[in-house]
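Asks: coords below, sequence missing:
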């Protein structure tokens, strides 16, 4: 005859089992660190740079969605939105802020002295007021700089080689980033004097200024144009390239996007290399390194791009040695 366990006995057995094997709450998972990624440009125009940043993060041992989260904030080329975006990241208490470009970096520095900030800039971060020293930044900022201001004189030399007959060249700067504009103006003014060229500095901080700039080139008799390294100009690479083609102005800029859109040539530090290094540095901070003790890194990869089709349309001969040393010649 099969025995039956009554309700009271069952409760007693279950109770005894509970005593024998006490229930333990699952271990609390540590919160995933969050990176606040701040840039003045658009998400679509920055996709290849975000890919490079993630690559650097991966090299440092962090994979988005697996062991780190990223909150992206895009100003869509409206720098006056950066303050609200940066303040939002601070309110959310992100682990680290990545500030891409001078405007984003300066705003991030203004809104927090405690959250670590990793910047990416093509300018000298000491000159623009981001850090006290390249070797010992101090404070809560460090980052990566590409050789875009430093190679300004070489950029002018290349333009001079392409347009050897002109004695007058213009430089376009953005007065909305004054420290950056002044540094590049000084740099190219010295380079122009050494080449026996007259340099005219022109200003643009809005799209509406572009027509005035190109009208001024004719009035000044400038035979070529150098565009200063600046996030605003980078975000308008295609528009600027179209204007230089329409006005038949031989022009040099810092980035491939300008040349791919029809601009004559570009020479400058590799942005993708700089963003990869920014990702690595961000990973190091997530592991516990302090920005104050992390020297500003320098992305040393320099790239030269030439649009031969545009050169021919302008009646220019690109020296063979320049073509051979270019990273890419677009025909």
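Replies: Structure's in. What do you need? Nothing here was measured: the structure is a model prediction, and the numbers come from that model. Numbering: from 1, shown residues only.
Asks: how is this structure carved up into domains?
Replies: With domains defined by automatic domain parsing, the chain comprises 34-147+270-301, 152-268+303-330.
Asks: any chance of those domains in JSON lines, plus mean pLDDT and mean neighbour count?
Replies: C-beta: built from backbone N, CA, C; applies to glycine. Below are these laid out as JSON lines (pLDDT from 0 to 100; neighbours: other C-beta atoms under 10 Å):
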{"stretch": "domain 34-147+270-301", "mean pLDDT": "94", "mean neighbour count": "19"}
{"stretch": "domain 152-268+303-330", "mean pLDDT": "93", "mean neighbour count": "19"}
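Asks: could I get the full set of helices for the protein?
Replies: Assigned by DSSP state H, the helices in the chain fall at 7-20, 47-59, 82-91, 102-111, 152-162, 178-194, 209-220, 231-235, 237-246, 256-260, 271-286, 308-313, 320-325.
Asks: how near is residue 294 to residue 95?
Replies: As judged by C-beta to C-beta, to the nearest Å, residue 294 and residue 95 stand 15 Å apart.
Asks: ditto for residue 155
Replies: Taking C-beta to C-beta as the measure, residue 155 falls 37 Å from residue 95.
Asks: now do the same contact list for residue 116.
Replies: Residue 116 sits next to 95-97, 140-141, 285, 290-291 when contact means C-beta atoms under 8 Å, 6 or more residues apart in numbering.
Asks: kindly apply the preceding question to residue 208 instead.
Replies: Residue 208 neighbours (C-beta under 8 Å, 6+ apart): none.
Asks: ramachandran coordinates for it?
Replies: Here is the backbone geometry of residue 208 (degrees, to the nearest 10): phi -60, psi -20.
Asks: how much space is there between it and residue 142?
Replies: Here the criterion is C-beta to C-beta. By it, residue 208 lies 36 Å from residue 142.
Asks: how about residue 245?
Replies: On the measure of C-beta to C-beta, residue 245 and residue 142 end up 40 Å apart.
Asks: and for stretch 305-316, what are the contacting residues?
Replies: Applying C-beta under 8 Å, 6+ apart, the contact partners of stretch 305-316 are 162-163, 245, 248, 250, 256, 259-260, 262-267, 317-318, 322-323, 326-331.
Asks: just how off-centre is it within its chain?
Replies: In terms of C-alpha atoms, centre = their mean, to the nearest Å, the centre of stretch 305-316 is found 28 Å from the chain centre.
Asks: first vs last residue of it, how far apart are they?
Replies: Distance across stretch 305-316, first residue to last, is 15 Å (C-alpha to C-alpha, to the nearest Å).
Asks: just use 783 as the starting number from now, easier for me
Replies: Fine by me, first position is 783 from now on; the one you just mentioned is stretch 1087-1098.
Asks: roughly how far apart are residue 1083 and residue 1039?
Replies: Distance from residue 1083 to residue 1039, by C-beta to C-beta: 16 Å.
Asks: and for residue 851?
Replies: Where residue 1039 is concerned, residue 851 sits at a distance of 29 Å (C-beta to C-beta).
Asks: same question for residue 941.
Replies: According to C-beta to C-beta, residue 941 and residue 1039 sit 18 Å apart.
Asks: ok, now which ones touch the closest residue in space to residue 865 that isn't next to it in sequence?
Replies: Ranked by C-beta to C-beta, 6 or more residues apart in numbering and with sequence neighbours excluded, the top spatial neighbour of residue 865 is residue 889, at 5.5 Å. Applying C-beta under 8 Å, 6+ apart, we find residue 889 in contact with 820, 864-865, 868, 881.
Asks: now for these, which pair is the farthest apart?
Replies: Spatially, the most separated pair among the contacts of residue 889 is 865 and 881, at 12.3 Å (C-beta to C-beta).
Asks: wait, residue 856 sits on residue 823?
Replies: Yes. Between residue 856 and residue 823 a contact is recorded at 6.8 Å, counting by C-beta atoms under 8 Å.
Asks: specify the beta-bridge partners of the closest residue to residue 1079 other than its chain neighbours.
Replies: Of all residues beyond its chain neighbours, the one nearest residue 1079 is residue 926 (4.6 Å), with distances taken as C-beta to C-beta, 6+ apart. Residue 926 forms beta bridges with residue 902, residue 1079, as assigned by DSSP bridges.
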